[in-house]
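> Generate a structure from the sequence data that follows.
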Amino acid sequence: MVDFRDIGEHGAADSILVELAREIAAVILTTDRDYYHTLPHQFPDHAGVIVIAVKQPNRAAILERLEWLLQHVDGDQLRGRAIQLRDKTWIARPPLQESTDAGAP
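This next block holds a predicted model:
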């Protein structure tokens, strides 16, 4: 896991963050809801984007949603996909295959 804040890239332009993530084939984890809508269009060859979009984004809520995702979605399905995890629902773009057992939490 790489925290861009630890390598001096906190607040960097999206293009820089995406390029750094591409170099190490990293999935981007963020609470910035704009990433769900914009990043897949601007950078279609990303390793994946997970947006935690909960009403109170504290450590416990973020980890709970991320844990749910890891239990229900195969990591191979993240490449090129943006997933937004909300308090009680989630959405993926492009949608996950019908056979995925990824119902609402």
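
> all contacts plus neighbour counts: C-alpha atoms, from now on.
Fine.

> Tell me what the spatially most central residue of the chain is bridged to.
Geometric centre of the chain, nearest residue: residue 50, 1.0 Å, by C-alpha atoms, centre = their mean. Beta-bridge partners for residue 50, by DSSP bridges, are residue 29, residue 83.

> That one and residue 26, how far apart?
Noted for residue 50: a distance of 11 Å to residue 26, by C-alpha to C-alpha, to the nearest Å.

> same deal with residue 74?
From residue 74 to residue 26 the distance is 15 Å (C-alpha to C-alpha).

> between these two, who's got more neighbours?
Remark: of residue 74 and residue 26, residue 26 carries more neighbours, 18 against 12, as counted by other C-alpha atoms under 10 Å.

> That one is in contact with residue 45, isn't it?
No - counting by C-alpha atoms under 8 Å, residue 26 does not reach residue 45; the two are 11.7 Å apart.

> where in this structure is pLDDT low?
3-11, 98-105 (pLDDT under 70).
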